[in-house]
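Student: Model the structure of this input:
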Amino acid sequence: MSAPNNDQLNQSLNHAWSWFELHCGQRMQWINFFLASSAFLVAGYATAASTSRYNVAGPIAGAGLAVSVIFNLLDLRTRELIRAAEHVIDEIESHLEAGVGASIRLVLLTSKGSRKAPSYRNLVNALTLLGVVGFGSGLVHALAS
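Tutor: Have a look, this model is predicted:
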């Protein structure tokens, strides 16, 4: 197979970039949804628990627990979709780098991560853990009361 020409590289890059943007945008929307729904669920739980309505607080905590787990699973899938685009973009960048003679391998440079900044995956895991522990504790408290 011959080396791709510039039009093929541009079309491929545009396709991969559109895929990447779509799924990165989805990831941020999931995070926003998780934060907003968690805020409403915490407010509902706090209101029910403060009035000793544990028959209402328990299901709210259970819903929060379920939302936390589902959010994490959705993020795992979205991360797979983002990585697929990153792989293609990295391949295209390697072809482009050969043509321009400069290091433009942005995916390669950023895939190693930073020791100073946590990854999105680590932050999502922390949010999920906070939700699971918080809502799980609320569920146990409601069931015990």
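Student: The longest helix seen in the chain - contacts with which helices or strands?
Tutor: Longest among the helix segments of the chain by residue count, using DSSP state H, is helix 54-100. For helix 54-100, the elements it packs on are helix 6-50, helix 106-111, helix 120-144, judged by 3 or more C-beta pairs under 8 Å, 6 or more residues apart in numbering; DSSP states H and E. Yep, even glycine has a C-beta here, placed from its N, CA and C like the rest.
Student: Low-confidence regions, the chain specifically.
Tutor: For the chain, the stretches with pLDDT under 70 are 1-3, 101-102, 113-115.
Student: Quick one: neighbours of residue 6, just the number.
Tutor: 10 (other C-beta atoms under 10 Å).
Student: Contacts only, for it.
Tutor: residue 99 (C-beta atoms under 8 Å, 6 or more residues apart in numbering).
Student: for the helices and strands packed on helix 54-100, which one sits closest to residue 79?
Tutor: Closest to residue 79 of the helices and strands packed on helix 54-100, according to C-beta to C-beta: helix 120-144, at 6.3 Å.
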